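Asks: Predicted structure and sequence below. I'll ask about it afterward.
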Amino acid sequence: MHGVLRHFDAQRYELGAHVVMPNHVHAVISPFPGFDLSDILHTWKSYSSNRINAMVGRRGVLWQRESFDHIVRSPYQLERINEYIRDNPRPEK
């Protein structure tokens, strides 16, 4: 999945902090002018689901339709989100 996220980095968007979890992804991206977030997410989901389904020998829907997106409105908020992403894969203490 990391390769999928990085594929169009610096071409369609700027990829910031990101982490691939067992059943979801957290990523900070800034789409470039002319590229919509919904199209970027569709590309990620389509490509990765086709690859995963081929690897496990199945067909059909893999990702849920919805996503949770959030507009970052300040440097402080961006730092909090980046920190959350960095800390997300750490096991509970």
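Replies: Thanks, I have it.
Asks: Go through the protein and flag its longest helix.
Replies: If each helix of the chain is counted by residues according to DSSP state H, the longest one is helix 37-56.
Asks: Tell me which helix or strand comes right after that one.
Replies: As assigned by DSSP states H and E, the chain's next helix or strand after helix 37-56 is helix 75-87.
Asks: And that next one, what's buried?
Replies: Neighbour counts using 16 or more other Cβ atoms under 10 Å place 81-82, 85 of helix 75-87 among the buried residues. For the C-beta atoms, the positions are set from N, CA and C on the backbone; glycine is no exception.
Asks: closest to Gln64 among those residues?
Replies: The nearest member of these to Gln64, counting by Cβ to Cβ, is Ile85 at 19.7 Å.
Asks: My guess is the closest one contacts Val28. True?
Replies: Yes. Look at Ile85 against Val28 with Cβ atoms under 8 Å: they come within range, at 6.9 Å.
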